[in-house]
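Peer 1: Output the structure for:
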Amino acid sequence: MRIKTYFVESVEEAMLRALGEFGDEAMLVHSKRTSPETRHLGLYEVVFASPLNTTTLASPSAPPPPFPEPALKEQPARKRPERATVSMPRIQPNSTATAEDSGKIRRELRALSRMMEAPPTEELSRSEEIRSVLDQLYGFLAEREVQSKHIWDLTKQVGIELMRGAVSFDPARPWILLSELLVRGLAPSPAPIREYLQVVALVGPPGAGKTATIAKLAVREGLAKGRPLQILDLDDQSIGGGDQLQTICALLGVPYQRLSGPEALVEVLGRARTPGLVLIDSPGLSRQDSGELAVLGLGLGASATIERHLVLPCTLRFAELTRFWNTFRVCHPTHLLLTRADESLCFGPAWSLAKMTNLPLSWIANGRRIPEGMVAATPELLVDLLKFGYASIEEGSVISHVERPSAANAVASVGQLSARSLVSL
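Peer 2: Numbers count the residues shown, from 1 in each chain. Okay, here's the model as predicted:
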C-alpha cells in the first residue's frame, strides 16, 4: 500500500492530484485543516492511499507468476479501466508475508473502500459553497475593472475569513468582508486642516482639471473659512497659460502671482509666514516633458511643507492611470486628487491606483459648480462609488459625507463671482 499526504488550498485539488498519480485506485483516508505551523504549505492536509506499491512491482522482463487456481476462484480480479496498465503485486505461496499481514492489508483496503463510497463530507460541501461565493465576488470586481492582482488578493482574503468562520455563514457576510477589505486597502484620510500655513500644489497631465480645482479649493478651503489665501501660478510658458486663473482670482478678490519657474517658490514661500492657504497651479505636462518635470519636481521638493496632490480623472483606465503615476513620480506626490467623478462609469481603476500608490485621498471633484463640485475624499466614499457607481448615488448623499462650507461665508466671499465667467472651467 502507498500513502501520500498533500498540502493544498482545497480538497478538490488534492483529489485531482491523487487521481493523476494513483489513477482510479486513489482512496481518501482523511482531510483536515493545517496547523498554524504548516499553514504556509496550504489550507488543508489531505491523505490519500493506493493499494499499489510501486516499489515492489516486478520488472516488465520478469512478470510475476499467476495466482494458484484456488486463490483465483476465491477472489476474482476486478475489471480495470483501459488506462490502467499495471497490476497489483501477487502474493505467492512462498512469500515472506505472513497470513496475518495479508489479512491486515485486506481489512485496510475494505475500510478505505467504504470511505470512498461514503457521501461527501460537510467540510467538502462547505468548500463548494465558498467557491461559488468567491466566483460571484470575482465577477463583481472584474465588472468594475478592478486590477486583476487586487481581485485575486481580495477574494483570497475573503475565502480565508470564510473558512475560519462558522460552518454555516450568512449570505451577506462575504459582501461585508469585501467592503471592509476594500476600505482597509486604502490609505487613511489625511488629518483635518489646522490653523497653520498650508501649501497645496496641484500636478498632473493636461486637461486633468487642475485650474478648476484650484478655484474650488480657493472658495471652499480659503474664502468660505475666512483664511488668508494666495494663488501662485507656475505656467509661464504655454500660450495664454494662467490667463484663466488670473481672471478667476480677480473675480474672487484673491491675490494672484505668476512665477518665472518652480525655483522661485522658495523665495515666495519664505515670505508667507502667516497662517493661511497657498494654492499652486502647475502646467500640464506629459512624458515628453521630462526636463520640465524634473525641474518641477526639484522646485516642489525644495520645501518640505508643500503638499503635492496628483490630479487625475476617474474616467481613465488603470493602464492610463498607471502611466501618469509613473510620469509624475518625479514630483513625489503626497496625495491623490480625483476629478470627473460624475463622468466615470466605474471606479475600479481609481481604487486600484489608490491601493497601488498608497497615497491618501484628498478631494474628489464631481462637477463644475463652485464650491459644491468637490467633496473631501475618504476611503469609505471611494468604496461606495466603486460598489454602486456615481449614477446610483444622489449628489446630495455624496455631499453629505463631508461638512458643507458655511453658506453665509461663501455668499459673502464670492458674491461678485458670476456663473457666466466660470462656464469655461
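Peer 1: Where does pLDDT dip in the stretch 51-200 of the chain?
Peer 2: For the stretch 51-200 of the chain, residues meeting the criterion pLDDT under 70 lie at 52-126, 165-169, 191-195.
Peer 1: Recalculate using a threshold of 50.
Peer 2: 54-75, 81, 83-95, 118, 120-121, 124 (pLDDT under 50).
Peer 1: So what does Ala187 have for phi and psi?
Peer 2: Per-residue torsions, Ala187: phi -70, psi 140 (degrees, to the nearest 10).
Peer 1: and it, how many residues sit next to it?
Peer 2: Residues near Ala187, counting by other C-beta atoms under 10 Å, number 15. All C-beta atoms are positioned from the backbone trio N, CA, C, and that covers glycine.
Peer 1: go on, Thr38?
Peer 2: Thr38: 11 neighbours (other C-beta under 10 Å).
Peer 1: which residues of the stretch 251-400 of the chain fall in strands?
Peer 2: 256-258, 276-281, 306-313, 335-339, 361-365, 374-376 (DSSP state E, counting those that start in this stretch).
Peer 1: Next, the buried residues of the fifth one.
Peer 2: Taking 16 or more other C-beta atoms under 10 Å as the basis for neighbour counts, the residues of strand 361-365 that come out buried are 361-365.
Peer 1: quick check, nearest of those to Phe347?
Peer 2: Ile364 (9.7 Å; C-beta to C-beta).
Peer 1: Would you mind listing the residues in contact with the closest one?
Peer 2: 314, 337-339, 341, 374-375, 377, 381-382, 385 (C-beta atoms under 8 Å, 6 or more residues apart in numbering).
Peer 1: Distance check, the nearest residue to Glu143 once chain neighbours are set aside against Leu312.
Peer 2: Leaving aside its chain neighbours, Glu143 sits nearest to Cys346 (7.7 Å; criterion: C-beta to C-beta, 6 or more residues apart in numbering). Separation of Cys346 from Leu312 (C-beta to C-beta, to the nearest Å): 15 Å.
Peer 1: From Met356, how far out is Ala376?
Peer 2: Counting by C-beta to C-beta, the gap from Ala376 to Met356 is 22 Å.
Peer 1: returning to what we had before: could you dump the contacts of Ile364 to TSV with neighbour count?
Peer 2: As requested, the contacts of Ile364 are exported to TSV (neighbours: other C-beta atoms under 10 Å):
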residue	neighbour count
Cys314	25
Leu337	26
Leu338	29
Thr339	27
Ala341	25
Met374	28
Val375	22
Ala377	26
Leu381	20
Leu382	23
Leu385	26
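Peer 1: out of these, who's nearest Glu21?
Peer 2: Nearest to Glu21 among the contacts of Ile364 is Leu382, at 47.6 Å by C-beta to C-beta.
Peer 1: So for Phe328, which of the strands of the stretch 251-400 of the chain sits nearest?
Peer 2: Distance to Phe328, taken as C-beta to C-beta, is lowest for strand 306-313 among those, at 5.6 Å.
Peer 1: I'd like to check the angle between that closest one and strand 361-365, please.
Peer 2: Angle of strand 306-313 versus strand 361-365, following axes from the mean of the first three to the mean of the last three C-alpha atoms, to 10 degrees, is 40 degrees.
Peer 1: what sits up against strand 306-313?
Peer 2: 198-205, 207-210, 213, 265, 269, 280, 300, 321, 324-325, 328, 331-340, 343-344, 350, 353, 359, 362-363.
Peer 1: Can I get the buried part of those residues as one PyMOL selection?
Peer 2: Selecting the buried subset of those in PyMOL, with 16+ other C-beta under 10 Å as the burial test, is done by:
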select buried, resi 198+199+200+201+202+203+204+205+208+209+210+213+265+269+280+300+321+324+325+328+331+333+334+335+336+337+338+339+340+344+350+353+359+362+363
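Peer 1: Among the contacts of strand 306-313, name the ones in helices.
Peer 2: 210, 213, 265, 269, 300, 321, 324-325, 328, 350, 353 (DSSP state H).
Peer 1: Which of those sits closest to Gly42?
Peer 2: The closest of the ones in helices among the contacts of strand 306-313, once distances to Gly42 are taken by C-beta to C-beta, is Leu353, at 32.5 Å.
Peer 1: isn't that closest one right up against Trp325?
Peer 2: Yes. With contacts counted by C-beta atoms under 8 Å, Leu353 reaches Trp325, the gap being 6.5 Å.
Peer 1: show me what contacts the residue nearest to Glu143?
Peer 2: 143-145, 386, 389.
Peer 1: rerun at 7 Å
Peer 2: Contacts for Cys346 (C-beta atoms under 7 Å, 6 or more residues apart in numbering) come out as 144-145, 389.
Peer 1: of those, buried ones?
Peer 2: 144-145.
Peer 1: tell me which of the contacts of Cys346 is nearest to Gly185?
Peer 2: Closest to Gly185, out of all of the contacts of Cys346 and judged by C-beta to C-beta, is Arg144, at 14.1 Å.
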